[in-house]
Every structure is written in structure tokens, then in C-alpha cells.
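>>> mind folding the following:
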Amino acid sequence: MTTTLEQSPAATAVRGWLSDFDAALTAGDAAAAAALFTEDCYWRDLISFTWNITTAEGRPAIADMLEQTLTGTRPRNWTITPGEEPAEADGVTEAWIQFETAVGRGRGQLRLRDGRAWTLLTTLYELTGHEEPTRDRRPKGAEHGIHRDRESWLDRREREARELGYETQPYVLVVGGGQGGIALGARLRQLDVPTIVIDKHPRPGDQWRSRYKSLCLHDPVWYDHLPYVKFPDNWPVFAPKDKIADWLESYTRVMELNYWSNTRAVNAAYDESTGEWTVTVERDGIPVVLRPQQLVLATGMSGKPNVPDFPGMDVFRGDQHHSSAHPGPDAYRGKKCVVVGSNNSAFDICGALWENGADVTMVQRSSTHIVRSDSLMDIGLGALYSEDAVAAGMTTEKADLVFASLPYRIMHEFQIPLYDQMRERDKDFYGRLEAAGFDHDWGEDGSGLFMKYLRRGSGYYIDVGAADLVANGDVALVRGQVDHLTEHSVVLTDGTEMPADLVVYATGYGSMNGWAADLISQEVADRVGKVWGLGSDTTKDPGPWEGEQRNMWKPTQQEALWFHGGNLHQSRHYSLYLALQLKARKEGLPTPVYGLQEVHHRS
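Here you go, the predicted model:
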């Protein structure tokens, strides 16, 4: 006889734990609730208890969080998600759960070990009374009946676009109209939060159109969906940049975003007495002053380009530019090209230049982690983001929550075995690469690409073919530091000289708070501090341990200033929680922030 949900030992254990947990929370007994966790426990909360994105590690931290949040949160109705039967494997019972709070509805994921909670994820996904207009709440579109001087849908839409920013003010201004700003704008639109998204480019998607022509996404289509409108089933696994650009442009129209293209933010200042920002923008060259109450910088997780200042750059007679400004290979056929850097952009640009008949040299200044695309898709992402995962019932939203349920403190422990498998699977490739002199690493603890991305946002390449050019010697490799440039060459500190018609500085990016310094002030940038990283005390991610991405998608030390972005997966997933935080503030709901980000590093 098949075991039903009611009879399952795993379900019985989860129901018992939820009952005890609910009783402790209802009684306001933080200590009793914390005692239901293992000693090495983690509770990650995405705004449902804390109005923050934070992880409590250990029983004392959980008790402290509950002592300060329970009164306002008033959680209740903890249940197993219908249709999701808990499962037990290797001594760990996993369950999908749901609950309610004083202001909304939540869902999460629970892992029990020896009857106690080892990890708990709680997320708020909607506000009571402010639900998105979906399914049975969707708008009718047509207004039946006969009405004199009626406004059509288009009339209302055109009036809104005409008045917002001039006769009426947006509640939120999003600076940056790439995938991050667009995803957030769509969320806020569905929550009825007046929002303007601005971008300096002439058309939505131009951020992608302007990049070198060979650029494709390195992440697969299942990982990259936008909110509400998924890519069609025949969309390429790795989308070319111009398809992404066109998709983003059409998305802004379909989702009816108030998107101001050809608009540049000039300066911004916050008035604490009025709770408003004054932001001067230039729209089609004409100054406009906006007064939003919330300002979101969605200017790219990688921040400002790190353009080096090597001696001799002023005398070099060839072309030179940062990788973010690289136009593509067309003008450099037969030319000598030096690419300074050895991460994603460097490899992509080297590959495209070589394909176009250029003589290419890569300058590797520090070690790089490389993972082959096929291996990453199969081993690293296949269980959550693949056609097989979809066939097995894994939705995008569920996959996002699975990924979010692993606390950053222990995520590397789950990643290391995966990269060990990749190392073994592709050992011949790595042998050839290192025989060519390439300085390769697996991360400081062997945890590979994802942890490097989360910790520092750099230091890796997802190989889609260009690494073989280095391994085979088709792209020349030199290792060392640039000392200076001459009129016609790049010279390293060891005296190696490389003739060059083109130098590409694939030298990475700085922290996002650099944009805040430019737009608002250095004082505000310093008040907010470094954006991105976990405090892992590894290269480019200085300690102390912070446990979440610094300043991303959550309140900062500057009132009403937010940062949003990341890859398409993060832009999709975390835009929900940022949008709910902004909606709650617009509606005047109490949003006491627990664990506001401390500032340990200014940049």
C-alpha cells in the first residue's frame, strides 16, 4: 500500500515540529523556539520576519532575532505545502512549508535532522490586501456597458505615461534599465507602485546590443527567465546578446513599464525632513527634476569599470579600451591584440578576435577558475535548471527557493563535491590547460565558480570554447603584471614586450557604491559601504563574515536607497523581495528592520 502524506513518517515528523514551533512562537517564547533547532543551525529569512535579507546562525542568534521580531510579525498557520510530500534521505528530512504573518503570506523550506531544524528558509511572497492581480484577481481589460467619454486601456496608459514624472511623481525611481531594473519595474507594476525606470541608452536592451557581437549568455535558458513571462520552449539554451536585447525591449512594452530611455541621472540628494529624493535627470537632453520617495540603483552588480592607470597609456598609439567598451573584432583582422585579464570577458574577447583573424595574446595577472560549460550544466545546474528538471516537475520558482534555502555559510560544502566531479570528468582538458602555462585554481577551498561569484563576482570563466585556444597555443599566453605601455607595445615587469595595435583592459569592475558616489556623494557611498560579497575573508571578499550579499536587495545605511541587480536568476528572484519591501513602505505598513547591514568596508 502506498504511504500517504498523512501516514508518512517524514510528514509526521514535520507536522510535529511545526506544531511545536507554532506553539512556541504563539507564546512569544523565543528560547523555546530556538531550542527546536540543532546546535549548528541556520535560519535564512527573506523579509518575512526581519524586513531584511539575513541569516541567523546558531540558537542564540535565532533567539535574538525572534525576541526582536515576534511581536510585530505574529506568525501563524504553519503547515506543509499541499501536494509537496516531505522526504527523508541520508538522515535529513526536507519539507516545503507555508505560513502567515501579520501582513502577508509566506513559504519556505525546512530541513530536519534528528527531529530538530538544521536549516530553515522563510520568505514573504505577498502582502495581505495587496496581492498581485493574477489568476482570479486579474483585470478584466474590457469595461462592459455604454459610458460617455470613456477612456480605453490605451487612453489610460498614454495619460499615465504623459503625466508620471511631470504632473505626478513616481514613488520609486530605478536608475538602470538592464535586466535588473526591468525585472524590478515589472514587479512594482503588478503591485501598483508608481515607478519610473531610466536608462541612458536609446532603447531597452541596448546594454546588450552594444557589446561585442559574439557575446552570448553563459547561463542556460532555464536559469534566466524573467518574472511573469518565461522564455518560449524553443528559445536557445544560451541566448545570443541581440535576442536578449530584443526580448528585454518587448518585455518593457508587454509589461507596460514606465521606461524612460535616453535618460541620464545627473545628481540626487535625499531630504530626511520630507522623506524625498530630489533627482535631476536629462531626458532626451532636457532636464527633468523627479521627487521619488525611494531610489534604487540597478546599475549593474559589477559596478564601475576598473580602468587601470598604467604608465604610458597616454603615449600608446593604438586602440585601447576597457572590456565593457569593446566594440567587437571586426576592425582588428590581422592586427596584434593584447587582452589584459583572464576571466569571462577576456576569454570571450580573445576568442572573438582569434576567430576574426587577429593575432591575440592574453596577459594573465592572477589565477582563474575555469569550468567547462557542458560539465557545469550537467553537474552544477542540471538538478534545478534543465529540461530534465522541468520534466521532473521542478518549476523555476521552486528551483529558486531550493537554491535560496542553502545558507551561504555552508554552501561551499555542497559545491565542493560537484566541482570534484567536474575536475575528474575534464581532467584531460585541465592537464592541457596547465601544460600551456595557465594558472588555474578551484577557488580557495575548492568550491568552484558559484562561490567565487557570490564572494567576489570575478575570477572565473565558463568555458564555451576559448580556453582551448589558450591550451592549444592559438592564443598566446603570458603571465605577469603590466609595467607600462610604449607607443606600440605592452611591457611587463619582467621585461616581456608585446607589440600591440589594440589593448583591451579586461580588468573587472569596482563596487556598486561607486555609482552612489557619482550620483549622490562620496559621503553617502561611504555610509553605505561596499556592495556585494559575503565577508568570507577570501581574495577580494574581506571579512568579517556577514552571511549575505552586502547591501543587495535590502535596506542600507542610507534611508530609502537600495541596490538591485546580479545575474538574470538573481534579478528575477530577489526583485520580488525588494518590490515587497517598497510596496510595504508605500502603503505605510510597519517595516522594522532587524539586523541592518553594518559597514566594514567602504569599497
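>>> can we go C-alpha only for contacts and neighbour counts from here?
Fine.
>>> now the nearest residue in space to R479 that is not next to it in sequence. Its backbone dihedrals?
With sequence-adjacent residues excluded and distances taken as Cα to Cα, 6 or more residues apart in numbering, R479 is closest to Q364, at 4.7 Å. The phi and psi torsions at Q364 (degrees, to the nearest 10) take the values phi -90, psi 120.
>>> what's around Q364, how many residues?
A count of neighbours around Q364, defined by other Cα atoms under 10 Å, yields 22.
>>> same check, this time on Y251
There are 19 residues near Y251, going by other Cα under 10 Å.
>>> buried residues in stretch 57-69?
Neighbour-count burial for stretch 57-69 flags E57, G58, R59, A61, I62, A63, M65, L66, Q68, T69 (criterion: 16 or more other Cα atoms under 10 Å).
>>> ok, stretch 253-270 next?
In stretch 253-270, counting by 16+ other Cα under 10 Å, buried: 255, 257-265, 267-268, 270.
>>> check stretch 392-410 too.
Applying 16+ other Cα under 10 Å to stretch 392-410 flags M394, T396, A399, D400, L401, A404, S405, L406, P407, Y408, R409 as buried.
>>> where does the protein have low pLDDT?
For the chain, the stretches with pLDDT under 70 are 1-6, 301-303.
>>> can you name the next helix or strand after whichever strand in it runs longest?
When the chain is parsed with DSSP state E, its longest strand is strand 116-127. Sequence-wise, the next helix or strand downstream of strand 116-127 (DSSP states H and E) is helix 153-163.
>>> residues contacting that following helix, please?
Applying Cα atoms under 8 Å, 6 or more residues apart in numbering, the external contacts of helix 153-163 come out as G141, N258.
>>> could I get it in PDB with only the CA atoms?
Written as PDB, here are the backbone C-alpha positions of helix 153-163 (Å, rounded to 0.1, in the frame of the first residue of the first chain):
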ATOM      1  CA  TRP A 153      -7.000  50.900 -21.900                       C
ATOM      2  CA  LEU A 154      -4.600  52.700 -24.300                       C
ATOM      3  CA  ASP A 155      -6.000  56.200 -23.300                       C
ATOM      4  CA  ARG A 156      -5.300  55.400 -19.600                       C
ATOM      5  CA  ARG A 157      -1.900  54.100 -20.400                       C
ATOM      6  CA  GLU A 158      -0.900  57.100 -22.500                       C
ATOM      7  CA  ARG A 159      -2.200  59.500 -19.900                       C
ATOM      8  CA  GLU A 160      -0.200  57.800 -17.200                       C
ATOM      9  CA  ALA A 161       3.000  57.900 -19.400                       C
ATOM     10  CA  ARG A 162       2.400  61.600 -20.100                       C
ATOM     11  CA  GLU A 163       1.800  62.600 -16.500                       C
END
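>>> buried stuff in that helix?
So helix 153-163, judged by 16+ other Cα under 10 Å, has buried residues A161.
>>> next: stretch 217-229.
Going by 16+ other Cα under 10 Å, stretch 217-229 has these buried residues: H218, D219, P220, V221, W222, Y223, D224, H225, L226, P227.
>>> ends of it, how far apart?
By Cα to Cα, to the nearest Å, the extent of stretch 217-229 from end to end equals 18 Å.
>>> run the chain-centre distance for that stretch.
12 Å (Cα atoms, centre = their mean, to the nearest Å).
>>> picking up where we left off before, show me the buried residues of stretch 392-410 that map onto helices.
By the criterion of DSSP state H, membership of these in helices covers T396, A399, D400, L401, A404, Y408, R409.
>>> residue contacts, the last one?
Yep, that's R409 we're talking about. For R409, the contact set (Cα under 8 Å, 6+ apart) comprises G547.
>>> so where do the strands sit in the stretch 251-400 of the chain?
259-260, 263-271, 276-283, 286-290, 294-297, 319-322, 336-340, 359-364, 369-372 (DSSP state E, counting those that start in this stretch).
>>> contacts for the second one?
Around strand 263-271, the neighbours that count as contacts under Cα under 8 Å, 6+ apart are 175, 198-201, 276-285, 518-520.
>>> now stretch 437-456
Under Cα under 8 Å, 6+ apart, the answer for stretch 437-456 is 364, 366-371, 411-413, 415-417, 419-420, 434, 458-460, 470-471, 477, 532-536, 538-541, 549.
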